[in-house]
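In: model the structure of this input:
(chains A, B and C, ligands or ions: 1)
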Amino acid sequence: MSEHATRDRGRASMPTYLGMPPFPEAAGKAVADTRLRGNLAHATGTIRDRRLSAVAELDDWDALREAGKQIKDHTLEHLDHYLLLLEEKITAAGGTVHWARDAAEANRIVADLVRATGHTEVVKVKSMATQEIGLNEALAEEGITAYETDLAELIVQLGDDRPSHILVPAIHRNRAEIRDIFRSRMPDAPADLSDSPAELAEAARRHLRAKFLSAKVAVSGVNFAVAETGTLVVLESEGNGRMCLTLPETLISVMGIEKVLPTWQDLEVFLQLLPRSSTAERMNPYTSTWTGVTPGDGPRDFHLVLLDNGRTDTLADQVGRQALRCIRCSACLNVCPVYARAGGHAYGSPYPGPIGAILSPQIRGIGSPVDASLPYASSLCGACFEACPVAIDIPEVLVHLRAEAVEEGPKHPLVGTAMAAAGWTLRSPRRLALAQRLASASRRLVGRRGQIRRLPGPLRAWTDSRDAPAPPPESFRAWWKRTNGGRS
Amino acid sequence: MSSAREEILGRVGRILGPGRTPAATAYTAIERPYLRRHHEDGVLDLFAERTADYRATVHRVDPADLPGAVARALTGSRYAVPGGLPAEWLAEVDPARLAHDPGIGELDGLDGVVTGCAVAIAETGTIVLDHGPGQGRRALTLVPDYHLIVVTADQVAPDVPEALERLDPARPLTFISGPSATSDIELNRVEGVHGPRTLEVILTVRSP
Amino acid sequence: MRIALFVTCLNDTMFPDTGKAVVRLLRRLGHEVEFPAAQTCCGQMHFNTGYRKQVTPMVRSFAETFAPYDAVVTPSASCAAMVRDWHPRIDSGAAPVASNVYELAEFLVDVLGVTDVGAYYPHRVTYHPTCHSLRMLKIGDRPLQLLRAVRGLELVELPDATECCGFGGTFALKNSEVSAAMGADKVACVRATGAEALCAADNSCLMHIGGILTRTGPDVRTVHLAEILASTEEDPHE
Ligand code: SF4
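Out: All right, here's what the predicted structure looks like:
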């Protein structure tokens, strides 16, 4: 029996943002926020067309996508082998590898490493893994201040806000809002700061420069880790990543165990897939790679924290496992019609959008109302699957997790009864015909000019915003029988 | 209590089960039906065009004209240069304007930095530094606001796969595609955040 | 060729005219179609909502009911996708029957090899490619090929056509606000075309979009692809 079937879950935790309601409630509120919807529609609309042309430029995109999928699947199938190899190579190159079962353990390791340096400030380059484990908050409890250096993370941090996108965490803010946050929260922001993106970027540059030049400890995430060589890879745009990876004396990188790749050659696939899917660029401005420590260049002390936090549980699920192929490009968010209207916060997790809807319930388990609602946060339109550079069949996983939610999540007796009744009716042509006759008989009572304005019970959610058709006088089946298929 | 390492590896091993094909054998079965390069001809033109697409300034010069081109590009007063940079590249620049391998403190006050590179990628308009001779340690090309890179024709690989083949992953590598930029405001690319805001490239190509 | 009609439970109960249109159309093209009375539902609603235990009997009964036929035609892209994509994975015994299932436009263009079915529909029409027809079945421009050959029909392009309308089965109830917001945007695109009728290959999506259309104005009607293709000068769609 698989580990999954026995529900022998590993240790995992991730902040469910405090007091988060289930998705429909949070999304319902977000939909009503016209400014938010405008910001999201504008930003995702911009990136959609550009991604399409960046992808169309490569004739072999489907082949790259297939190779990316196969490399990831192969790695997951031999994950233990590649993790050991990675550890061996990094250690040989002068780095230290740590293992963490869950968020608390990872946070403890990082806090201890920072404390051992004697410093109380760290600079950070954007990383989903440290968002997932709530590292900044954990460090703060230890008296260590973490400074986010990525522009969008800085906007979120200064605004006391939460990230709403995996690549552009401040996507829910437009330029005017960003200017207001900088003006009120950034001590050295010019008083006449305008909302031109170039000026905003310039303000961030000036704000962080002194921090970079004096920082002694940095914390980063990792995009890829090459097992055969022990090489870590970080892709970025602004140069804050290079600053963090190069200038401090101590570098601590946190990565999910699924980020490992077998060989250096494999990067040739992902360095083509990721930038085009993510920012629609042929290549992102900066990619840094490093292997352990290099005397005379960069940090003297390098630590890698390998994080499980629910990933082995995800690995144990044959269908859900494909979520571990994710390279966090955010293409699925940008094409998702639900994300564009609900926004990232509604997903109640650092991982929003389609990938969040399949990742959060797998990492945290499907027990809570938020997690049980996430697999339903989709119309199953399939745009995410189509865009995903590693071909994660997100609709397939969503439907799979819906079944888990029904079987193991919080119970909804009313829905369960209704679905059972519908199933019972639909399993028999005789019962279906009877139900159809009852529906047809009721048409006079409910309909006006063929339309129903208000349905009772749970179906009211339909007629709150749309009419429902009144049942026809006769079902197709009844017509066929009566007229011998229209022949009499 | 077992250590985190044993526990994680143990769980992974139990989930994936015994009797798997050895990783090395299974690895060879991965299909790679993609192209090794997207363009056969005009690789140097492509490199110049794609690099310029990302708002880097690109000059094409004959190797004999390189010193003049470098001198013309350096319009500020003082520049960092790494050890191992060919002396003839700087032949027409006043040595007093050059700081050799300066410390981090000094770097922020300079007008820019001049380096060579290890490899360039035509398809993506990318230049890769391996921080060997003539390229300096990583901080050197990061802190100054202006970066002039000399790329020789033989360093230009047509596409990503061939570029990676030419690189040594044991060295720290920096892939640069245009000046520092961000897409963080409304998902639109804006040049100029923390890295050098101006990237200038001199591509040396022997005239026929 | 023995052809069966899988009308689908939704069309059977709510949109019988669509089923009748398929029968009329195929007869006009010289093909007799049978309606096996044992058919009920492909199981999509239960499957997509997570009630998988209820689905297996529906998959088995579908396979049994339609086993004797060479081709099964259905006027629903999403039900065709459910059968073709999922039935074999739910029960491998369902695979042979599943591979004989065709959405109407696929059947006309790929199996019968016709694009001009001799239809007449003198109206300004826009076409919404439903998600399952587009991304699961990948029927591409087959419906458009068919519509372009309809006499009198003026086909106008729908802006942001490939964006989901927000129906999504029980999504429309479980996440009704988001669903309605998506539907409202779709309706705005439909109205922007100035079309008199919105056409699609799925009555489920049309029921959702149409419900918003009738709630907000009398100007645009919804019509299933089959009903346009069945319409002729002698026997026009009402
Ligand atoms: S699931 Fe696919 S599309 Fe979404 S972020 Fe991950 S890799 Fe990108």
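In: got the domain ranges for chain C?
Out: Following automatic domain parsing, one gets these domains for chain C: C:3-111, C:124-230.
In: could you look up the SS state of the residue lying closest to residue A:322 once chain neighbours are set aside?
Out: Among residues not flanking residue A:322 along the chain, residue A:392 sits closest, at 5.0 Å (Cβ to Cβ, 6 or more residues apart in numbering or on different chains). Quick note: C-beta positions are derived from backbone N, CA and C, even for glycine. Assigned with DSSP: H, G, I helix; E, B strand; the rest coil, residue A:392 falls in the coil class.
In: residue A:392 against residue A:326, yeah?
Out: Yes - under the criterion of Cβ atoms under 8 Å, residue A:392 makes contact with residue A:326 at 6.3 Å.
In: circling back: output the domains of chain C in CSV; the columns should cover mean neighbour count, distance to chain A and mean pLDDT.
Out: Shown next, in CSV, are those (neighbours: other Cβ atoms under 10 Å in any protein chain shown; distance: least, Cβ to the nearest Cβ, whole Å; pLDDT from 0 to 100):
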stretch, mean neighbour count, distance to chain A, mean pLDDT
domain C:3-111, 21, 3, 97
domain C:124-230, 21, 3, 96
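In: who wins for proximity to chain B among those?
Out: Closest to chain B of the domains of chain C, according to Cβ to the nearest Cβ: domain C:124-230, at 17.8 Å.
In: from start to finish, how long is the closest one in a straight line?
Out: 17 Å (Cα to Cα, to the nearest Å).
In: what of stretch B:98-106?
Out: 12 Å.
In: likewise for stretch C:97-111?
Out: Using Cα to Cα, the end-to-end distance of stretch C:97-111 comes out at 16 Å.
In: burial measure for residue A:11, as a count.
Out: Using other Cβ atoms under 10 Å in any protein chain shown, residue A:11 has 17 other residues around it.
In: so it belongs to a helix, correct?
Out: No - when classified by three-state DSSP, residue A:11 is found to be coil rather than part of a helix.
In: pull the contacting residues for the residue nearest to residue A:322.
Out: Taking Cβ atoms under 8 Å, 6 or more residues apart in numbering or on different chains, we find residue A:392 in contact with A:322, A:323, A:325, A:326, A:332, A:355, A:358, A:384, A:385.
In: distance of it relative to the ligand?
Out: Distance of residue A:392 to the ligand, computed by Cβ to the nearest ligand atom, to the nearest Å: 5 Å.
In: and the residue of the stretch 1-150 of chain A closest to the ligand?
Out: When scored by Cβ to the nearest ligand atom, the stretch 1-150 of chain A has residue A:68 as its residue closest to the ligand, at 8.8 Å.
In: SS state for that residue?
Out: helix.
In: one more: residue B:203?
Out: strand.
In: picking that back up, do you know how far the residue nearest to residue A:322 is from residue A:73?
Out: Distance from residue A:392 to residue A:73, counting by Cβ to Cβ, to the nearest Å: 11 Å.
In: how about the closest residue to residue B:153 other than its chain neighbours, what does it touch?
Out: Excluding the flanking residues, the one nearest residue B:153 by Cβ to Cβ, 6+ apart is residue B:205, at 4.7 Å. Contact analysis of residue B:205 by Cβ under 8 Å, 6+ apart lists B:44, B:60, B:61, B:62, B:153.
In: out of those, which are inside helices?
Out: Cross-referencing these against helices under DSSP state H gives residue B:44.
In: now the contacts of residue B:205 as a markdown table including pLDDT and neighbour count?
Out: Shown next, in a markdown table, are these (pLDDT from 0 to 100; neighbours: other Cβ atoms under 10 Å in any protein chain shown):
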| residue | pLDDT | neighbour count |
| --- | --- | --- |
| B:44 | 97 | 17 |
| B:60 | 96 | 17 |
| B:61 | 97 | 18 |
| B:62 | 97 | 11 |
| B:153 | 97 | 15 |
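In: of the contacts of residue B:205, closest to residue B:124?
Out: Nearest to residue B:124, judged by Cβ to Cβ, of the contacts of residue B:205 is residue B:44 at 14.5 Å.
In: these two touch, right, the closest one and residue B:155?
Out: No - counting by Cβ under 8 Å, residue B:44 stays clear of residue B:155, with 10.5 Å between them.
In: what's next to the strand or helix carrying residue C:212, contact-wise?
Out: Per DSSP states H and E: residue C:212 is located in helix C:203-216. Helix C:203-216 has contacts (Cβ under 8 Å, 6+ apart) with A:451, A:462-463, A:465-469, C:10-11, C:14-15, C:18, C:75-76, C:78, C:128, C:130, C:165-167, C:169, C:172, C:179-180, C:183-184, C:186-187, C:190, C:198, C:200, C:219-224.
In: of these, which are in range of the ligand?
Out: Counting by Cβ under 6 Å from any ligand atom, nothing from the contacts of helix C:203-216 sits close to the ligand.
In: isn't there a helix covering residue A:375?
Out: Yes - counting by three-state DSSP, residue A:375 is part of a helix.
In: tally of neighbours for the residue nearest to it when sequence neighbours are not counted?
Out: Distances taken as Cβ to Cβ, 6+ apart place residue A:401 nearest to residue A:375, at 3.8 Å, with adjacent residues excluded. Residue A:401 is flanked by 26 other residues according to other Cβ under 10 Å.
In: which element, helix or strand, includes residue A:401?
Out: If you go by DSSP H and E, residue A:401 is part of helix A:394-408.
In: what residues of that helix count as buried?
Out: Using 16 or more other Cβ atoms under 10 Å in any protein chain shown as the test for burial, helix A:394-408 gives A:394-406.
In: contacting residues for the residue nearest to residue A:375?
Out: Here residue A:401 is in contact with A:320, A:358, A:361, A:362, A:366, A:374, A:375, C:50 (Cβ under 8 Å, 6+ apart).
In: just those residues: which are in helices?
Out: A:358, A:361, A:362.
In: just name the closest of those residues to the ligand, please.
Out: Checking those against the ligand by Cβ to the nearest ligand atom gives residue A:358 as the nearest, at 7.9 Å.
In: state the number of residues packed around the closest one.
Out: Other residues near residue A:358 number 31, with proximity taken as other Cβ under 10 Å.
In: now it, nearest residue through space, not along the chain?
Out: Using Cβ to Cβ, 6+ apart, the closest residue to residue A:358 is residue A:397 (4.4 Å).
In: residue contacts, that neighbour?
Out: Residues in contact with residue A:397 (Cβ under 8 Å, 6+ apart) are A:319, A:320, A:322, A:323, A:358.
In: and residue B:55, by the same measure?
Out: B:178, B:179, B:191, B:199.
In: how about the strands in chain B?
Out: B:57-61, B:79-81, B:98-100, B:112-115, B:119-121, B:126-129, B:146-152, B:156-157, B:173-176, B:181-185, B:188-191, B:198-204 (DSSP state E).
In: so the longest helix belonging to chain C versus helix C:203-216, what angle?
Out: Ranked by residue count and defined by DSSP H, the top helix of chain C is helix C:176-192. Here the directions of helix C:176-192 and helix C:203-216 differ by 80 degrees (axes from the mean of the first three to the mean of the last three Cα atoms, to 10 degrees).
In: that older thread, of the strands of chain B, which is nearest residue A:24?
Out: Among the strands of chain B, strand B:181-185 comes nearest to residue A:24, with 29.6 Å by Cβ to Cβ.
In: just give the nearest non-adjacent residue to residue A:349, would you?
Out: residue A:360 (4.0 Å).
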